[in-house]
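Peer 1: got a sequence here, can you build the structure:
(2 chains)
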Amino acid sequence: MEENKFEEVFESKLAKNEMVEPKDWMPENYRKHLIRQISQHAHSEIVGMLPEGNWITRAPSLRAKVVLLAKVQDEGGHGLYLYTAAETLGVSRDELLNNLHTGKAKYSSIFNYPTLTWADIGAVGWLVDGAAIMNQVMLQRTSYGPYARAMVRICKEESFHQRQGFEIMTHLAFGTADQKAMAQDALNRWWYPTMMMFGPPDSESPNSENALKWRIKRETNDQLRQKFVNQTVPQVEYLGLTVPDKNLKWNESKKGYDYSEPDWVEFKNVISGNGPCNKQRLLARNKAHKEGAWVREAAQAFARKRKEVYEAA
Amino acid sequence: MTTQEALFQYTLRIADTNLILGQRLSEWTGHGPFLEEDLALTNIALDITGAAKSLYEYASTIENKGRSADDLAYLRNDRQFLNNQITELPNGDYAMTIMRQAIVDCFDFYFYSELTKSKDETLAGIAQKSIKEVTYHLRHSSSWVERFGDGTEESHTRIQNALNELWQYTGELFEMTEVDALLIKVGIAVDLSKVKDKWQKHMDDLLQKSTLEKPENVFMQTGSRKGIHTEHLAFILAEMQALPRMYPDAKW
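Peer 2: I've put the predicted structure just below:
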């Protein structure tokens, strides 16, 4: 078959809503786009363990501690299946990690913000995981099979995480005055960074066009952001907290809220490495990797020795 | 001392040991040598913190003075904690963490095996659940001791150093007090001298397989049965208990 014949098969799969599988022919740009997106997603899970892990040893109750441990463990597990999904596209985990450690690969910018109080752990679960779910629910129907299947599993766990975050916020918002203030402060700090998670406005989103065409992405950044605001505002009201946006208003004609755009200059700054924690996050990942080198070498040396013994026998 | 008081102390000892080790292990979360190990340690931390939670809940009902499980974990001070000292030592390098796990997992494996036969149904039940988890923990830590022992020169040196450093804290695991004596009489507590024999044999096998040398004539540290700890424990508690102590009226 000639290249354009392959391309026809690929296009017809997309048209029929069928999955593209690892052994199928795919355009090089599609493969590259997926490797970039899936590995970014995997890196985000791994880097995301840092701001949340930050509070495990200080979780204020036994239940909160156990639930947070389980949650952070899930995030690491998500990273693991996403790296595996990326590997089906012909790239190794070592390569991907190397890109992360050298700053070549990106991860979700949200994790460059610090978790300063216990309420931040609630806000991360409730808002950040809530926003992530919006993206991920869509990705369960993405065109690349291994990615879509990883997403099905991830989505189930993420909705548990969102409930866990909301539960923390509920305890705080209905707790003492200090606790309520802590909850409001976390909402103030996390609202706009969470809104940024959906990416730049559609008019300025360089990667969206192909992603939509290839059915990797199925809704635009602005559509998802609007959905998130519509879903979250009633939850904020239930908690008796205030969204830090004076322009927030129900718009009957679009059946959705009007809202202020986040500060896109800040967004660009954080993406380009100047967020409050970019350097610490990369440093922590690099340190763990470097200090783990002798552990990985020992495991390899041991396996090699055992293989030799086995083969000699 | 009444049986109830002894049972309270005994349950707290097991709970504190699990909680403090879980606290140490969870410091590794996000910082492990590679992703699979990061997950393994976090999972072990989760298992033993979960066990601690069940044990504190039971201790709270035994004491019956209105102190909740969280009160017992978060509002007692360092002189009241009864965890074995080995659990509070800093994580050190990965060899130190793994060797400490092997020592404690092996102890837990034989300890819980015995505790499943306890006449106290709650403790027996918790032991029953824990033994399944500990079987996996022990497999994990032992396999890494072996890999390090017979891996590279560096890993061998590191794991041997860890063993030499930690051995002084192993004597304490088997110390028995009047609490144990009283509860052994009524068929509740485990006779730790029996656990010690099995533990010794298992460790000897593991060390031999791993080409490691068991430290000889080591002076054994002691104190935790009386609430005497290393300098590290107070820091662990300061961090762990900060929020509930900062906001005494808050519920979380």
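Peer 1: you'd agree residue A:47 is up against residue A:109?
Peer 2: No: the criterion here is Cβ atoms under 8 Å, and residue A:47 misses it with residue A:109 at 10.1 Å. Every C-beta, even on glycine, is put in place using the N, C-alpha and C of the backbone.
Peer 1: which one's more surrounded, those two?
Peer 2: residue A:47 (24 against 21; other Cβ atoms under 10 Å in any protein chain shown).
Peer 1: buried sites along the host helix or strand of that one?
Peer 2: Assigned by DSSP states H and E, residue A:47 belongs to helix A:28-53. Using 16 or more other Cβ atoms under 10 Å in any protein chain shown as the test for burial, helix A:28-53 gives A:30, A:33-35, A:37-53.
Peer 1: near chain B, from these?
Peer 2: A:46, A:49-50, A:53 (Cβ under 8 Å from any Cβ of the partner chain).
Peer 1: one step back: which element follows the helix holding residue A:47 toward the C-terminus?
Peer 2: Next element after helix A:28-53 (DSSP H and E): helix A:62-87.
Peer 1: distance from that next one to the middle of the chain?
Peer 2: 12 Å (Cα atoms, centre = their mean, to the nearest Å).
Peer 1: so what's the residue count around residue 23?
Peer 2: Using chain A. By the criterion of other Cβ under 10 Å, residue A:23 has 7 neighbours.
Peer 1: my bad, chain B
Peer 2: 24.
Peer 1: residue ranges with poor pLDDT in the stretch 51-200 of chain B?
Peer 2: By pLDDT under 70, the stretch 51-200 of chain B has no low-scoring segment.
Peer 1: now do the stretch 101-250 of chain A
Peer 2: Ranges of the stretch 101-250 of chain A meeting pLDDT under 70: A:206-207.
Peer 1: got the residues of it near chain B?
Peer 2: Checking the stretch 101-250 of chain A against chain B by Cβ under 8 Å from any Cβ, the hits are A:118, A:168, A:171, A:175-176, A:178-179.
Peer 1: leaving out sequence neighbours, find the closest residue to residue 19.
Peer 2: Since you didn't name a chain, this refers to chain A. Distances taken as Cβ to Cβ, 6 or more residues apart in numbering or on different chains put residue A:145 closest to residue A:19, at 3.9 Å, once the chain neighbours are dropped.
Peer 1: wait, chain B was what I had in mind.
Peer 2: That would be residue B:52: by Cβ to Cβ, 6+ apart, it lies 3.9 Å from residue B:19.
Peer 1: now do the helices in the stretch 151-300 of chain A.
Peer 2: Remark: helices assigned in the stretch 151-300 of chain A by DSSP state H, counting those that start in this stretch are A:177-196, A:208-213, A:221-239, A:264-269, A:278-291, A:293-312.
Peer 1: ranking those by burial, who's on top?
Peer 2: Stretch with highest mean neighbour count among the helices of the stretch 151-300 of chain A: helix A:177-196 (a mean of 20; mean count of other Cβ atoms under 10 Å in any protein chain shown).
Peer 1: who does that one touch, helix- and strand-wise?
Peer 2: helix A:118-123, helix A:129-139, helix A:145-173, helix A:221-239, helix A:264-269 (3 or more Cβ pairs under 8 Å, 6 or more residues apart in numbering or on different chains; DSSP states H and E).
Peer 1: specify the angle between the third one and helix A:221-239 in degrees.
Peer 2: Orientation check (axes from the mean of the first three to the mean of the last three Cα atoms, to 10 degrees): helix A:145-173 against helix A:221-239 gives 30 degrees.
Peer 1: mind listing what's buried along helix A:145-173?
Peer 2: A:145-148, A:150-151, A:154-155, A:157-158, A:161-173.
Peer 1: run the chain-centre distance for it.
Peer 2: Computed by Cα atoms, centre = their mean, the chain-centroid distance of helix A:145-173 equals 11 Å.
Peer 1: cool, and stretch A:171-178?
Peer 2: Centroid separation between stretch A:171-178 and its chain, computed with Cα atoms, centre = their mean, is 29 Å.
Peer 1: mind listing residues that contact that stretch?
Peer 2: A:118-119, A:122, A:179-180, A:182-183, A:239-241, B:247, B:249-252 (Cβ atoms under 8 Å, 6 or more residues apart in numbering or on different chains).
Peer 1: if we go to 6 Å?
Peer 2: A:119, A:179-180, A:182-183, A:239-241, B:247, B:249-250, B:252 (Cβ atoms under 6 Å, 6 or more residues apart in numbering or on different chains).
Peer 1: check stretch B:206-222 too.
Peer 2: Contacts of stretch B:206-222 (Cβ under 6 Å, 6+ apart): B:142, B:145-146, B:149-150, B:160, B:163-164, B:167-169, B:171-172.
Peer 1: find me the pLDDT at the closest residue to chain A within chain B, would you?
Peer 2: Distance from chain A to each residue of chain B (Cβ to the nearest Cβ) is smallest for residue B:33, at 2.6 Å. Residue B:33 carries a pLDDT value of 97.
Peer 1: quick check, it in contact with residue A:294.
Peer 2: No: at 8.2 Å, residue B:33 and residue A:294 do not qualify as touching, with contact defined as Cβ atoms under 6 Å.
Peer 1: next, count neighbours for residue B:213.
Peer 2: 12.
Peer 1: how about it, phi and psi?
Peer 2: Phi and psi for residue B:213, reported as degrees, to the nearest 10, are phi -100, psi 130.
Peer 1: contact residues of the stretch 51-200 of chain B facing chain A?
Peer 2: With Cβ under 6 Å from any Cβ of the partner chain as the criterion, the stretch 51-200 of chain B meets chain A at residues B:53, B:69-70, B:73, B:94, B:147-148, B:150-152, B:154-155.
Peer 1: quick one: buried residues of stretch B:173-185?
Peer 2: B:173-174, B:179-180, B:182-183.
Peer 1: Throw these into a markdown table and include secondary structure, thanks.
Peer 2: Output for the buried residues of stretch B:173-185, formatted as a markdown table (DSSP: H, G, I helix; E, B strand; the rest coil):
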| residue | secondary structure |
| --- | --- |
| B:173 | helix |
| B:174 | helix |
| B:179 | helix |
| B:180 | helix |
| B:182 | helix |
| B:183 | helix |
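Peer 1: re earlier: next up, the contacts around the residue nearest to residue B:19.
Peer 2: B:15, B:18-19.
Peer 1: make TSV from those and add pLDDT and neighbour count to it.
Peer 2: Shown next, in TSV, are these (pLDDT from 0 to 100; neighbours: other Cβ atoms under 10 Å in any protein chain shown):
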residue	pLDDT	neighbour count
B:15	98	27
B:18	98	27
B:19	98	27
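Peer 1: which one of those is nearest to residue A:232?
Peer 2: If you rank the contacts of residue B:52 by distance to residue A:232 using Cβ to Cβ, residue B:19 comes first, at 35.5 Å.
Peer 1: starting at the chain centroid, how far to the helix or strand hosting the closest one?
Peer 2: Assigned by DSSP H and E, residue B:19 belongs to helix B:3-26. For helix B:3-26, the distance from its own C-alpha centre to the chain's C-alpha centre is 8 Å (Cα atoms, centre = their mean).
Peer 1: correct me, but residue A:91 touches residue A:34?
Peer 2: No: under the criterion of Cβ under 6 Å, residue A:91 makes no contact with residue A:34, lying 9.9 Å away.
Peer 1: all helices of chain B, in order?
Peer 2: Using DSSP state H, the helices assigned to chain B run over residues B:3-26, B:35-63, B:69-74, B:94-115, B:121-149, B:153-166, B:178-185, B:192-209, B:232-240, B:242-246.
Peer 1: in CSV: these, plus distance to residue A:302.
Peer 2: Formatted as CSV, the helices of chain B follow (distance: least, Cβ to Cβ, whole Å):
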stretch, distance to residue A:302
helix B:3-26, 23
helix B:35-63, 14
helix B:69-74, 38
helix B:94-115, 13
helix B:121-149, 4
helix B:153-166, 8
helix B:178-185, 39
helix B:192-209, 12
helix B:232-240, 31
helix B:242-246, 41
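Peer 1: can you name the two of the buried residues of stretch B:173-185 that are farthest apart?
Peer 2: Maximum pairwise distance in these, criterion Cβ to Cβ, is 19.5 Å, between B:173 and B:182.
Peer 1: relative to chain B, which residue of chain A is the closest?
Peer 2: For chain A, Cβ to the nearest Cβ, closest residue to chain B: residue A:292, 2.6 Å.
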